[in-house]
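[1] Quick one, structure for this:
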Amino acid sequence: MSRKEQSETRVDIYARITERIVAQLEQGVCPWVQPWSAGNAAGRITRPLRHNGEPYSGMNVLLLWSEAMARGYAASMWMTFKQASDLGAHVRKGETSATVIYASRFTKTETDARGDEMERDIPFLRAYGVFNVEQIEGLPEHYYHRPAPVSDPVKRIENADTFFANAGADLRHGGAQAYYVPSSDHIQMPPFETFRDAASYVAVLSHEHIHWTAKPNRVGRDLSRYAKDRSERAREELVAEIGSALLCADLGIVPELEPRPDHAAYLASWLTVLADDKRAIFQAAAHAQRAVNYLHALQPAVAEEHEAA
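    Alright, predicted model coming up:
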């Protein structure tokens, strides 16, 4: 495949997926919130899983959450046609695959005008199809097990409290709004008692912690134009929204089933950003995943693993 063909393929993937997400947003549905409907709330919340149990990350989480909701799948595991075949199973006739992406880079050695060799880093994006285990017959029985209902929701919330305490952010309570203040580097939250339930509190706290990771000494996202540029604010809020959904899934918590009051205001801005930039949702998902990874890295168990290694 020529360089031009590779570029056109990448653009087609970006455009195809962005158009699909735009269509959902135009219906008032956020693909990172939609999966938390009542159908999933009875079981353990999780990210989509690969055939080996490894969680998907970034953009693929949104794609598969959205696909699962559209088709009514309760199972969280996905695999390729070949992976199913290798397990002695088969995809049912007539089933269609869901799209996931693989992004990476390769190094190519080229000769410049002076005859000197130089290495160039070339990014590439590839789309491929996966099937939910509910579309596959003949898999070993354990692949079909649905997440067990959460028997102790109180403990689940306590785990979230511990997670955010380990992050170490300057957390203050008071007032009626939730926000992060870069100048003082603190998170402001309304009193816990004003939230509908504990899960809603954690969902909002997750959102603000994603903003908190933006400082240069953490993940390093530029928020300098957040207050002045509507487009930049929309992009950062998109990062925080996606990051909050990923983090809630990791913590086993159902995020808010009703959108926050400020979501409606951002919806038009998100549609404008996505219409102008077909890569925006991919970049937002990547930033969100890096922010979530950073928060996980602050947990004692993770730190101890790094030291042992």
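[2] C-alpha only now, for contacts and for neighbours.
    Fine.
[3] okay, and the helix or strand of the protein with the least pLDDT?
    In the chain, the helix or strand scored least confidently by mean pLDDT, DSSP states H and E is helix 38-41, which has a mean of 44.
[4] Past it, which element shows up next along the chain?
    Counting by DSSP states H and E, the next helix or strand C-terminal to helix 38-41 is helix 59-71.
[5] helix, strand or coil for residue 221?
    For residue 221, the assignment made with DSSP: H, G, I helix; E, B strand; the rest coil gives coil.
[6] Leaving aside the residues adjacent along the chain, what's closest to it?
    The shortest distance from residue 221 to any residue other than its chain neighbours is 4.6 Å, reached at residue 214 (Cα to Cα, 6 or more residues apart in numbering).
[7] phi, psi of the one you found?
    Dihedral pair for residue 214: phi -70, psi -20, per degrees, to the nearest 10.
[8] ok, now how distant is it from residue 166?
    17 Å (Cα to Cα, to the nearest Å).
[9] Of these two, which one has the most company?
    Regarding residue 214 and residue 166, a neighbour count based on other Cα atoms under 10 Å identifies residue 214 as having more, with 18 against 15.
[10] so what pLDDT did residue 8 get?
    According to the prediction, residue 8 has pLDDT 48.
[11] go on, residue 188?
    Taken from the predicted model, the pLDDT recorded for residue 188 is 96.
[12] just checking, what packs against the host helix or strand of it?
    Residue 188 is part of strand 186-189, with elements assigned from DSSP H and E. For strand 186-189, the packing partners by 3 or more Cα pairs under 8 Å, 6 or more residues apart in numbering; DSSP states H and E come out as strand 170-173, strand 179-181, helix 198-212.
[13] helices or strands up against the last one?
    This points to helix 198-212. Counting by 3+ Cα pairs under 8 Å, 6+ apart, the elements that helix 198-212 packs against turn out to be helix 153-167, strand 179-181, strand 186-189, helix 230-251, helix 280-297.
[14] Could you point out which of the ones you listed sits nearest residue 132?
    Ranking the helices and strands packed on helix 198-212 by their distance to residue 132 (criterion: Cα to Cα) puts helix 230-251 first, at 18.5 Å.
[15] which residues sit against the longest strand along the chain?
    The strand of greatest length in the chain, counted in residues with DSSP state E as the criterion, is given as strand 117-132. By Cα atoms under 8 Å, 6 or more residues apart in numbering, the residues outside strand 117-132 that reach it are 6, 10, 13, 73, 75-81, 91, 96-112.
[16] quick one, it and helix 59-71 angle?
    On the basis of axes from the mean of the first three to the mean of the last three Cα atoms, to 10 degrees, strand 117-132 is oriented at 20 degrees to helix 59-71.
[17] List the buried residues in stretch 272-283.
    Of all the residues in stretch 272-283, those buried under the rule 16 or more other Cα atoms under 10 Å are 273, 274, 278, 279, 280, 281, 282, 283.
[18] So the closest residue to the first one other than its chain neighbours versus residue 269, what's the distance?
    In space, not counting the residues next to it along the chain, residue 273 is nearest to residue 231; the distance is 6.5 Å by Cα to Cα, 6+ apart. With the distance defined as Cα to Cα, residue 231 ends up 7 Å from residue 269.
[19] now residue 60
    Residue 60 sits 23 Å away from residue 269, going by Cα to Cα.
[20] quick one on the thing from earlier: surely the residue nearest to residue 221 and residue 223 touch.
    Yes: applying Cα atoms under 8 Å, one finds residue 214 in contact with residue 223, separated by 7.3 Å.
[21] what helices or strands is the one helix or strand residue 108 maps to leaning on?
    Secondary-structure element containing residue 108, defined by DSSP H and E: strand 98-111. Packing contacts for strand 98-111, counted by 3+ Cα pairs under 8 Å, 6+ apart, involve helix 59-71, strand 117-132.
[22] returning to what we had before: could the helices and strands packed on strand 186-189 go into CSV alongside distance to residue 251?
    Putting the helices and strands packed on strand 186-189 into CSV (distance: least, Cα to Cα, whole Å) gives the following:
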stretch, distance to residue 251
strand 170-173, 19
strand 179-181, 21
helix 198-212, 10
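[23] Dump those to JSON lines, plus mean neighbour count.
    Shown next, in JSON lines, are those (neighbours: other Cα atoms under 10 Å):
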{"stretch": "strand 170-173", "mean neighbour count": "14"}
{"stretch": "strand 179-181", "mean neighbour count": "16"}
{"stretch": "helix 198-212", "mean neighbour count": "23"}
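[24] Tell me which of these approaches residue 87 most closely.
    Judged by Cα to Cα, the one of those that comes nearest to residue 87 is helix 198-212, at 37.8 Å.
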